[in-house]
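Student: My questions are about this predicted structure, shown below with the sequence.
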Amino acid sequence: MKHKSPWLIFFLVAIAQFMVVLDISITNVALPTIKQSLHFSTDTLQWVITAYALTFGGFLLLGGRAADLFGRRKTLLIGMAFFTFFSFLIGISQNAIELIVLRAFQGMAAALMSPSALSIVLTTFKEGSERNKALGFWSTVATGGAAVGLLLGGVLTQYMGWRWNFFINVPVGIVMLYLISKVVPRHESEAEHTDLDLPGAILITGSLMVLVFLISQAPVWGVFSLPTISLFILTLILLTSFIYNEAKSLHPLIPLSIFKIRNVVGANLIMAPVSATMFGNFFLLSLYIQTVLHYSPVLTGLSFLPFPIIMGYTSTQVSKFVSKYGYKRFLIAGPLIIAVSIGLLSRLPVNGNYFIDVLPSIILMPLGIGMTYMPTMSAATSGVPGNKSGLASGLINTSQQMGGAVGLSVLSGVAAAVAATAHLDKLSASVFGYDRAFLIGMIFMLIASFLAITVIKQRKISKETLSEQTSIQEQVSFH
């Protein structure tokens, strides 16, 4: 039992990551039912998603650094235990405020799980085609899991009630706690100290959370209102204080030297707009399919079924080509394909048809995402020393979750603002708002492609390294 299969370890930590991702999207389909059951207002409904993503993204750097300092398996198990506990409490919540607060705590627990899980993957597989293959499957879990969540959420909501979207985590969490504790190696700290930079953690977490709250509320308060300007200034003060703290701290939360690795910076900059579009897209498209096309929760979930299938195949295939050609060309082309699919959604009509107006995008989008996520993860973690793998994992996950939280706030805010000012009937105004929000998402994708062109440095691979990676690839394929 001393030599565990790396793919068994991967399977177990991937399930942990799947639980985290699932809980972002599984509630999308259940939102109309939750709104009616707990008497949410239209303005506060998005906070079922945003509260989770906000604390998840806000505490990821702390979670990633904790994994490096205190051990990856230990951090993962602690996070999973709390995640399971808060899932149960959410399932029995009785009002809107209670649910939102518990979702925030659940996001904090997820912030311990996700970077430690990815860090375990990075230390289990050596850099090269073996790791690229693992990251290809990881990308499938990270993005395809969101689409699976829509399907599972639809089934659970319609046949068992919305509360089972959270209760389902309890038995899965208990079983995974046992298996991970028995199978995954201990992964003791590689650091020479256990000094966690709490001031830095508080400053960066506070700044990110204030920023997302600012963006979500700016359409309500007004861009140039006193509360908006005040929170913007507070965000700048917190960020500036964080950078100063990191530069002076003996054991910083984020050693600023990591930003000297160009592709780490580029990958994080690309991940943010990509995730912003994906979060907003799933949220708005789920509402369109249910409220405009009048699909049931189950049919809404089934309507996304092509997504994880295409996404899974594309991610695993792309990993082979990244090992051979590097990741830059994929990071340029992937967002452009997503931009085309989002552009198609920006023309959704009131009297729409799923097969004509929605399905083409659901087929095209996962191709672009499959070409983008795995290369982004590879670029974000390549060349990073082992004692900073948790930090690198936390950084890219933070970019993903905070980008998603910001994107959800921006796109839902645009949709609501446009609908409110449109001189149309309520349904037509809502669809018009969705269309304009999708256009913003398309712009985000064009920005991501531009960043890949200008920031990402093409990684050259020698013939010797390529031959070695090909050999590893062939060995792994027989497992």
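Tutor: That came through, no problem. Bear in mind that the values here come from a model prediction, so they are computed numbers and not experimental data.

Student: Could you pull up phi and psi at His423?
Tutor: phi -90, psi 70 (degrees, to the nearest 10).

Student: For burial, what's the neighbour tally of it?
Tutor: 6 (other Cβ atoms under 10 Å). Using the backbone N, CA and C atoms, a C-beta is placed for each residue, glycine as well.

Student: what residues are up against it?
Tutor: Shown in contact with His423 (Cβ atoms under 8 Å, 6 or more residues apart in numbering): no residues.

Student: so which strand or helix has the closest residue to Val210 other than its chain neighbours?
Tutor: Closest residue to Val210 apart from its sequence neighbours, by Cβ to Cβ, 6 or more residues apart in numbering: Thr235 at 5.1 Å. For Thr235, the host element (DSSP states H and E) is helix 226-248.

Student: Buried residues, the following helix or strand past that helix. List them.
Tutor: Next along the chain after helix 226-248, taking DSSP H and E as the criterion, comes helix 262-287. Of the residues in helix 262-287, 263-287 count as buried by neighbour count, 16 or more other Cβ atoms under 10 Å.

Student: Going by neighbour count, list what's buried in stretch 94-111.
Tutor: 96, 99-100, 102-111.

Student: Assess the claim that the residue nearest to Val210 and Phe213 are in contact.
Tutor: No. Between Thr235 and Phe213 there is no contact under Cβ atoms under 8 Å: 9.5 Å.

Student: Comparing those two, which residue is more hemmed in?
Tutor: Per other Cβ under 10 Å, whichever of Thr235 and Phe213 has more neighbours is Thr235, with 20 against 16.

Student: Which pLDDT value goes with that one?
Tutor: Each residue has a pLDDT score; the one for Thr235 is 94.

Student: dump the residue contacts of it.
Tutor: Per Cβ under 8 Å, 6+ apart, neighbours of Thr235: 207, 210-211, 214.

Student: Now tell me what touches the strand or helix carrying Thr157 from outside.
Tutor: In the assignment (DSSP H and E), Thr157 maps to helix 145-159. For helix 145-159, contacts defined as Cβ under 8 Å, 6+ apart pick out 17-18, 21-30, 33, 162, 164-165, 168, 278, 282, 286, 296-302, 304-305, 307-308, 311, 366.

Student: what's the spacing between Leu102 and Val48?
Tutor: Going from Leu102 to Val48 by Cβ to Cβ, to the nearest Å gives 11 Å.

Student: Next secondary structure element downstream of the helix holding Thr157?
Tutor: Next along from helix 145-159, by DSSP H and E: helix 164-167.

Student: Now the element after that following helix, going C-ward?
Tutor: helix 169-183.

Student: Check which helices and strands that following helix sits against.
Tutor: Counting by 3 or more Cβ pairs under 8 Å, 6 or more residues apart in numbering; DSSP states H and E, the packing neighbours recorded for helix 169-183 are helix 6-25, helix 72-91.

Student: how big is the angle separating the next helix or strand after that helix from helix 226-248?
Tutor: Moving toward the C-terminus from helix 169-183, the next helix or strand (DSSP H and E) is helix 198-221. Helix 198-221 runs at 160 degrees relative to helix 226-248, counting by axes from the mean of the first three to the mean of the last three Cα atoms, to 10 degrees.

Student: Can you pull out the residues in contact with helix 198-221?
Tutor: 43, 46, 50, 54-55, 57-59, 61-62, 65, 227-228, 231-232, 234-235, 238-239, 241-242, 245-246, 249, 252-254, 398, 402, 405-406, 409-410, 413-414, 416-417.

Student: Separate out the buried members of the residues you listed.
Tutor: 46, 50, 54-55, 57-59, 61-62, 65, 228, 231-232, 235, 238-239, 241-242, 245-246, 249, 252-254, 398, 402, 405-406, 409-410, 413-414, 416-417.

Student: ok, how many other residues are close to the residue lying closest to Leu150 once chain neighbours are set aside?
Tutor: Leaving aside its chain neighbours, Leu150 sits nearest to Phe304 (4.5 Å; criterion: Cβ to Cβ, 6+ apart). Neighbour count of Phe304, defined by other Cβ under 10 Å: 26.

Student: and Phe304, what does it touch?
Tutor: 147, 150-151, 362.

Student: What residues does Pro360 make contact with?
Tutor: Pro360 neighbours (Cβ under 8 Å, 6+ apart): 341, 344.

Student: That one in helix, strand or coil?
Tutor: Secondary structure state of Pro360, per DSSP: H, G, I helix; E, B strand; the rest coil, is helix.

Student: pLDDT value on Gln469, please?
Tutor: For Gln469, pLDDT reads 36.

Student: same deal with Thr143?
Tutor: On pLDDT, Thr143 comes in at 65.

Student: Next: Thr42.
Tutor: Value for Thr42, per-residue pLDDT: 69.

Student: likewise the one 3 residues further on?
Tutor: According to the predicted model, the pLDDT of Leu45 comes to 79.

Student: And the strands in the stretch 251-400 of the chain, which stretches?
Tutor: Read by DSSP state E, counting those that start in this stretch, the stretch 251-400 of the chain holds no strands at all.

Student: ok, the residue lying closest to Ile396 once chain neighbours are set aside - contacts?
Tutor: Nearest residue to Ile396 in three dimensions, chain neighbours excluded: Ala380, at 4.0 Å (Cβ to Cβ, 6+ apart). Counting by Cβ under 8 Å, 6+ apart, Ala380 touches 263-264, 267-268, 271, 392, 395-396.

Student: Quick check: the gap between Thr123 and Phe18.
Tutor: 20 Å.

Student: Between these two, which is the more surrounded one?
Tutor: Set Thr123 next to Phe18 and count neighbours by other Cβ under 10 Å: Phe18 wins out with 20 against 17.

Student: Check whether that one really touches Val141, as I assumed.
Tutor: Yes. With contact defined as Cβ under 8 Å, Phe18 reaches Val141; the gap is 5.2 Å.

Student: contacting residues around Arg163?
Tutor: Counted by Cβ under 8 Å, 6+ apart, Arg163 has contacts 91-92.

Student: how close does it sit to Arg73?
Tutor: Taken as Cβ to Cβ, the span from Arg163 to Arg73 is 31 Å.
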